[in-house]
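Student: pasting the structure only:
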């Protein structure tokens with residue numbers, strides 16, 4: 001009886017234990033990480049006017065966010081930037097769920113590359129809209145300037161966050177017919193046990209029970 005109880009507990013533990021799988025939640029890069037550089041400008045507060053940009057996506061399953069990749073084309077000024085993951089609020093970025101700030105590049109101006117920002121502790125729910133927002137980091141100088149590459153896949157639509165430094169007016173402005181900023185969102189998916197593992201477990205049950213009966 002104890003053997004059967006132990007076996008039952010083992011089966012339930014195997015069924016209940018989630019298996020982590022690294023996965024791409026959203027991606028509008030082209031084949032071979034292709035993108036169009038120099039598409040959408042990002043500016044710090046003292047670089048003419050502040051401009052942030054955002055791209056929305058909707059996970060098809062529930063994930064734990066691990067990283068966000070962007071293609072940036074450094075232009076001028078302070079070379080730091082901030083990547084944010086935000087909830088949706090009426091069709092535009094809302095509450096900030098997490099943010100990562102880092103240097104864009106140590107190379108000279110007019111150099112483009114793909115940059116990755118790591119995240120942890122953020123759950124992205126299936127069927128829910130989220131926003132990736134890119135900002136030039138705004139320290140005392142606030143004069144950074146970048147270009148966020150656009151997608152070559154035909155993906156359309158993004159939102160523009162723009163602030164005039166004179167009037168102080170901030171507003172999101174949608175441009176649905178334009179090529180979307182390029183972004184790849186990565187995460188880990190909690191999945192059920194692999195079918196092969198369940199099959200092996202089931203095949204081993206009769207052998208285990210026969211040995212315990214002797």
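Tutor: Structure's in. What do you need? Computed from a predicted model, the values in this text were never measured in an experiment.
Student: from now on I want contacts and neighbour counts done on CA atoms only, so please keep to that.
Tutor: Will do.
Student: confidence-wise, which helix or strand of the protein is lowest on average?
Tutor: Least confident helix or strand of the chain, by mean pLDDT, DSSP states H and E, is helix 2-16 with a mean of 47.
Student: how about residue 179: what's its closest non-neighbour residue?
Tutor: residue 156 (4.6 Å; C-alpha to C-alpha, 6 or more residues apart in numbering).
Student: the longest strand seen in the chain pairs with which strands, and in what direction?
Tutor: Criterion DSSP state E: the longest strand present in the chain is strand 63-76. Sheet pairing for strand 63-76, assigned by DSSP bridges, gives strand 111-118 (antiparallel), strand 123-124 (antiparallel), strand 145-150 (antiparallel), strand 183-191 (antiparallel).
Student: closest to residue 76 out of the ones you listed?
Tutor: Ranking the strands paired with strand 63-76 by proximity to residue 76 (C-alpha to C-alpha) places strand 145-150 first, at 5.0 Å.
Student: follow-up on the earlier one: next structured bit after the longest strand of the chain?
Tutor: strand 80-88 (DSSP states H and E).
Student: so which elements touch that next one?
Tutor: Contacts defined by 3 or more C-alpha pairs under 8 Å, 6 or more residues apart in numbering; DSSP states H and E place strand 80-88 against strand 93-103, strand 130-136.
Student: partners of the last one, with directions?
Tutor: In other words, strand 130-136. Applying DSSP bridges to the sheet, strand 130-136 is found paired with strand 50-57 (antiparallel), strand 80-88 (antiparallel).
Student: give me the buried positions along the shortest one.
Tutor: Going back to what we said before, that points to strand 50-57. 50-57 (16 or more other C-alpha atoms under 10 Å).
Student: ok and that strand relative to strand 93-103, angle-wise?
Tutor: Here the directions of strand 50-57 and strand 93-103 differ by 110 degrees (axes from the mean of the first three to the mean of the last three C-alpha atoms, to 10 degrees).
Student: residue 96: which of the strands paired with strand 130-136 is closest?
Tutor: strand 80-88 (4.4 Å).
Student: and that closest one, average pLDDT?
Tutor: Averaged across strand 80-88, pLDDT comes to 93.
Student: ok, and what's touching it?
Tutor: Strand 80-88 has contacts (C-alpha atoms under 8 Å, 6 or more residues apart in numbering) with 68, 93-105, 117, 129-137, 144.
Student: return the residues in contact with residue 115.
Tutor: So residue 115 contacts 69-72, 104 (C-alpha under 8 Å, 6+ apart).
Student: swap the cut-off to 10 Å and go again
Tutor: By C-alpha atoms under 10 Å, 6 or more residues apart in numbering, the residues touching residue 115 are 68-72, 102-105, 183.
Student: what bridges to it?
Tutor: Where residue 115 sits in a bridge, its partners, by DSSP bridges, are residue 70.
Student: what pLDDT does it get?
Tutor: Taking residue 115 on its own, its pLDDT is 91.
Student: residue 130 versus that one, what's the distance?
Tutor: 20 Å (C-alpha to C-alpha, to the nearest Å).
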